[in-house]
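A.B. asks: Need a 3D model of the sequence below.
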Amino acid sequence: MPAYRTNFLDPDNRPNPKTTRFCARCNKDLKPGSASRWIFIFEGGMTVLHPDEVSRFDPEGQDVQGWFEIGPECVRRIGIEWTVAENPEVPA
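C.D. replies: Below you'll find the model as predicted:
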């Protein structure tokens with residue numbers, strides 16, 4: 001496997017979200033219209049792949065979850081450089 005820049009997500013999945021829009025790290029519901037960012041998660045939901053690495057990432061043999069929304073508090077915890085502003089899977 002090639003070396004990729006990764007970061008441990010350090011999930012805190014205690015709360016059960018009540019809506020379909022929630023933070024991938026802490027499971028807290030995101031308020032409608034509130035700001036959020038997106039992260040690429042793999043390895044059983046524990047690892048964040050740096051956005052610059054996604055284009056060269058080889059998912060073969062990897063447990064890939066894909067792009068997930070993350071709330072502003074958790075963005076500060078993992079670092080904004082590990083996130084993107086818009087969901088890459090949804091055309092603008």
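
A.B. asks: can you pull out the helices in the protein?
C.D. replies: For the chain, the helices defined by DSSP state H occupy 72-78.

A.B. asks: Any regions of it where pLDDT drops low?
C.D. replies: Within the chain, the stretches with pLDDT under 70 are 1, 92.

A.B. asks: Strands of that one, residue ranges please.
C.D. replies: Secondary structure of the chain by DSSP state E: the strands cover 6-8, 37-42, 47-49, 64-70.

A.B. asks: close enough to count as contact, G79 and R5?
C.D. replies: No: applying Cβ atoms under 8 Å, one finds G79 not in contact with R5, separated by 11.3 Å. Using the backbone N, CA and C atoms, a C-beta is placed for each residue, glycine as well.

A.B. asks: Kindly provide the distance from the closest residue to R56 other than its chain neighbours to G79.
C.D. replies: Computed as Cβ to Cβ, 6 or more residues apart in numbering, the closest residue to R56 that is not its neighbour in sequence is P2, at 7.6 Å. As defined by Cβ to Cβ, to the nearest Å, P2 lies at a distance of 22 Å from G79.

A.B. asks: More neighbours: those two, which one.
C.D. replies: G79 (11 against 7; other Cβ atoms under 10 Å).

A.B. asks: Who are the contact partners of that one?
C.D. replies: Shown in contact with G79 (Cβ atoms under 8 Å, 6 or more residues apart in numbering): N7.
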